[in-house]
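Asks: Got a predicted structure plus its sequence, pasted below:
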Amino acid sequence: MRAVSDRLYEKVPFRHSEIEHRYGPNVHILSNPYLLSQLAQLCAKDTIQPAINRLVVDIYGRLLEDVMNAEFPRVVRDVATRSPSTSPAPAPSRPRPSTTSSTWRSTRAACGRTTSS
């Protein structure tokens, strides 16, 4: 069964929302209220273990996702879904970062989140 190209996924735009600063072009401060609140909680005097570890994993995981969305090249890959078992229509194609499968899995696993290729 051949894959159907879903045009929605051919070019998924991504753009950082950043705060203006004077640290130079190589510094990026994300304008993300959730991450800023997590960072404030991490820096609070009353934040202790194990909350510190949970916050660090969450913050770095979300930062890594943002970097991968903005910086990694994308390729369109065919993804098998459950739809063939319930529908005769082929599965749509979806973009994924063009890293190798093992690198993708190990990067996601390092952030406490695993995915299957």
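Replies: Great, that's in hand.

Asks: Okay, helices next: where are they in this structure?
Replies: Using DSSP state H, the helices of the chain run over 33-43, 51-71, 83-86, 101-110.

Asks: For the first one, give the mean pLDDT please.
Replies: Averaged over helix 33-43, pLDDT sits at 96.

Asks: packing partners for that helix?
Replies: Contacts defined by 3 or more Cβ pairs under 8 Å, 6 or more residues apart in numbering; DSSP states H and E place helix 33-43 against helix 51-71. For the C-beta atoms, the positions are set from N, CA and C on the backbone; glycine is no exception.

Asks: buried stuff in the helix it packs on?
Replies: Applying a neighbour-count criterion of 16 or more other Cβ atoms under 10 Å, one finds 55, 58, 59, 62, 66, 68 buried in helix 51-71.

Asks: Just send these back as a markdown table, with pLDDT too.
Replies: Converted to a markdown table, the buried residues of helix 51-71 look like this (pLDDT from 0 to 100):
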| residue | pLDDT |
| --- | --- |
| 55 | 98 |
| 58 | 97 |
| 59 | 97 |
| 62 | 95 |
| 66 | 91 |
| 68 | 91 |
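
Asks: Could I get the contacting residues of residue 62?
Replies: Residues counted as contacts of residue 62 (Cβ atoms under 8 Å, 6 or more residues apart in numbering) are 32, 34, 35.

Asks: Can you give me the separation between residue 56 and residue 7?
Replies: Using Cβ to Cβ, to the nearest Å, residue 56 is found at 39 Å from residue 7.

Asks: and residue 55, what does it touch?
Replies: Going by Cβ under 8 Å, 6+ apart, residue 55 touches 38, 41, 42, 47.
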